[in-house]
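*Asks:* this one's sequence-less:
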């Protein structure tokens, strides 16, 4: 798997606006950080591991906020 790509702020802002939602810059930053964490969690769960390790690994990600390697 490749590295996590940064979320393009302009694209995200356009997507949110196209949905008819108005948010502040701070809220947009929060959404972007959440998307990076979701992508990091999904990427880590795709790594081969035993069935018993999957839940523990996922909850460890939640405790670390999943940003240790995401550069956020």
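*Replies:* On my side now, so go ahead. In this text, all values refer to a predicted model and were calculated from it rather than measured experimentally.
*Asks:* packing partners of the helix or strand residue 35 falls within?
*Replies:* Per DSSP states H and E: residue 35 is located in helix 25-45. If contacts are counted by 3 or more Cβ pairs under 8 Å, 6 or more residues apart in numbering; DSSP states H and E, helix 25-45 sits against helix 9-18, helix 51-63. Placement of C-beta: from N, CA and C, glycine included.
*Asks:* looking at the protein, which helix or strand is least sure?
*Replies:* helix 51-63 (a mean of 72; mean pLDDT, DSSP states H and E).
*Asks:* got the buried residues for the helix holding residue 35?
*Replies:* 31, 32, 33, 36, 37, 40, 41, 43, 44 (16 or more other Cβ atoms under 10 Å).
*Asks:* switch the helices and strands packed on helix 25-45 over to CSV; also include mean neighbour count and distance to residue 24.
*Replies:* Conversion of these to CSV gives the following (neighbours: other Cβ atoms under 10 Å; distance: least, Cβ to Cβ, whole Å):
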stretch, mean neighbour count, distance to residue 24
helix 9-18, 12, 11
helix 51-63, 11, 26
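*Asks:* residue 7: what secondary structure?
*Replies:* Classification of residue 7 using DSSP: H, G, I helix; E, B strand; the rest coil returns coil.
*Asks:* tell me the contacts of the closest residue to it other than its chain neighbours?
*Replies:* Using Cβ to Cβ, 6 or more residues apart in numbering and skipping the chain neighbours, the partner closest in space to residue 7 is residue 32 (4.4 Å). Counting by Cβ atoms under 8 Å, 6 or more residues apart in numbering, residue 32 touches 7, 9, 12.
*Asks:* pretty sure the last one contacts residue 30?
*Replies:* Yep, that's residue 12 we're talking about. No - counting by Cβ atoms under 8 Å, residue 12 does not reach residue 30; the two are 11.1 Å apart.
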